[in-house]
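*Asks:* here is a sequence together with a model predicted from it:
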Amino acid sequence: MSDNLLEIRSLSKALPAGPRQSAAMVLRDISLDIARGEFVAIVGPSGSGKSTLLYCMAGLEPPTEGTVTLLGQDLSGLGRKSAARLRRDHVGFIFQSYNLIPSLSAWENVALPAPLAHRSAGQSQIDAALAAVGLTEQAQQKPSTLSGGQQQRAAIARVLAMRPDVVFADEPTGALDAEAGAQVLDLLRTAATDDSSVVMVTHDLQAAARADRVLVLRDGAIHRELHHPSADEVFEAVTTPATRAV
Ligand code: ADP
Ligand code: MG
């Protein structure tokens, strides 16, 4: 197995033609690697394919062409069950809308995935996951009584308690105010360790500038790739036309 956690080769994604539209290419010929420990941000205009790319990377959507290799396993070569198991055991996903279960407390939400994965999570492990995101006091509260930032932190605790190899996050700070967003970003930054990687889609160029690497997507293709950029450099890359007159 190579050192890369994730390898994407010549990935394209077409949307099927509908009654009133022809087939459209959402992603075009994307190749990229995610190394262990990397924190990668994906930015680009709305509709540029960021979410679709993230879903393909996570094995939630199949590519039309090309391959996605996660932990040395070609996802297209796996049956539905094996792919689901690989995701369950190694992948975490964080959504803009938190996706907590409303009838369960924060603690119960965090405790939920382990038994589904046939793993035992001791009470202390759940407590530790909630403490790590600063929600010890709120452990017994239902999501509806938590602020947006607290709900997102609970969703992050739920993912991190499973110790995934890679965390995917789609606009995780999109519904949060600046302070709550900064807390969530700190948690994601910390979640990228020697062993685990984080791939985050964001609109927030300041947030993207916290990443080790920033991929700028445009019209379904990788327009630019930046290493440890400043927010200004991300802004420039997002706003620079694809072909510039010299
Ligand atoms: P982003 O996350 O960058 O805003 P998306 O990946 O959500 O972009 O979408 C990329 C393009 O694909 C958009 O033009 C969007 O309208 C289209 N698209 C995505 N998913 C679907 C779908 N299930 N049905 C129809 N169009 C879709
Ligand atoms: Mg999106």
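*Replies:* Good, I have the coordinates. Ligands and ions are numbered 1, 2, ... in the order given.
*Asks:* give the buried residues for the lowest-mean-pLDDT helix or strand in the chain.
*Replies:* Lowest on mean pLDDT, DSSP states H and E among the helices and strands of the chain sits helix 113-116, with a mean of 84. Judged by neighbour count using 16 or more other Cβ atoms under 10 Å, the buried positions of helix 113-116 are Pro113, Ala114. For every residue, glycine as well, the C-beta is placed using N, CA and C.
*Asks:* which is the next helix or strand following that helix?
*Replies:* Once helix 113-116 ends, the next helix or strand along the chain (criterion: DSSP states H and E) is helix 123-132.
*Asks:* before we move on, the earlier item: list the contacts of the least confident helix or strand of the chain.
*Replies:* Arg88, Ser120, Ala121, Arg158, Ala161, Met162 (Cβ atoms under 8 Å, 6 or more residues apart in numbering).
*Asks:* which pair in the residues you listed spans the largest distance?
*Replies:* Ser120 and Arg158 (16.0 Å; Cβ to Cβ).
*Asks:* looking at these two, which is more packed in?
*Replies:* For Ser120 versus Arg158, neighbours defined as other Cβ atoms under 10 Å are more numerous around Arg158 (27 against 8).
*Asks:* circling back: which one of the contacts of helix 113-116 is nearest to ligand 2?
*Replies:* For ligand 2, the nearest member of those is Arg158. The distance, counting by Cβ to the ion, is 21.2 Å.
*Asks:* check the secondary structure at that closest one for me.
*Replies:* Each residue gets one of three states, and Arg158 gets helix by DSSP: H, G, I helix; E, B strand; the rest coil.
*Asks:* how about the residues of this structure by ligand 2?
*Replies:* Lys50, Ser51 (Cβ under 5 Å from the ion).
*Asks:* burial check on the closest residue to ligand 2 within the chain, number of neighbours?
*Replies:* Sorted by distance to ligand 2 under Cβ to the ion, the residues of the chain start with Ser51, at 3.1 Å. When neighbours are defined as other Cβ under 10 Å, Ser51 has 18 of them.
*Asks:* can I assume it is in contact with Gly174?
*Replies:* No - with contact defined as Cβ atoms under 8 Å, Ser51 and Gly174 do not form a contacting pair (11.1 Å).
*Asks:* give me the beta-bridge partners of the most centrally placed residue in the chain?
*Replies:* The residue lying closest to the centre of the chain (Cα atoms, centre = their mean) is Phe168, at 1.8 Å. Using DSSP bridges, the beta-bridge partners of Phe168 come out as Phe93, Val199.
*Asks:* which residues touch it?
*Replies:* Leu54, Met57, Ala58, Val91, Gly92, Phe93, Ile94, Val198, Val199, Met200.
*Asks:* ditto for Leu32
*Replies:* So Leu32 contacts Glu7, Ile8, Leu215, Ile222 (Cβ under 8 Å, 6+ apart).
*Asks:* just the residues you listed: which are in helices?
*Replies:* Using DSSP state H, no member of the contacts of Leu32 sits in helices.
*Asks:* closest one of those to Ala237?
*Replies:* Using Cβ to Cβ, these come closest to Ala237 at Leu215, 9.7 Å.
*Asks:* I'd assumed Ala221 was in contact with the closest one.
*Replies:* No - in terms of Cβ under 8 Å, Leu215 does not count as a neighbour of Ala221; the distance is 10.4 Å.
*Asks:* now the strands for the protein?
*Replies:* 4-15, 24-35, 39-43, 65-70, 73-74, 91-95, 166-170, 197-201, 213-218, 221-227 (DSSP state E).
*Asks:* can you point out the buried residues in the first one?
*Replies:* Neighbour-count burial for strand 4-15, counted by 16+ other Cβ under 10 Å, picks out Asn4, Leu5, Leu6, Glu7, Ile8, Arg9, Leu11, Ser12, Lys13.
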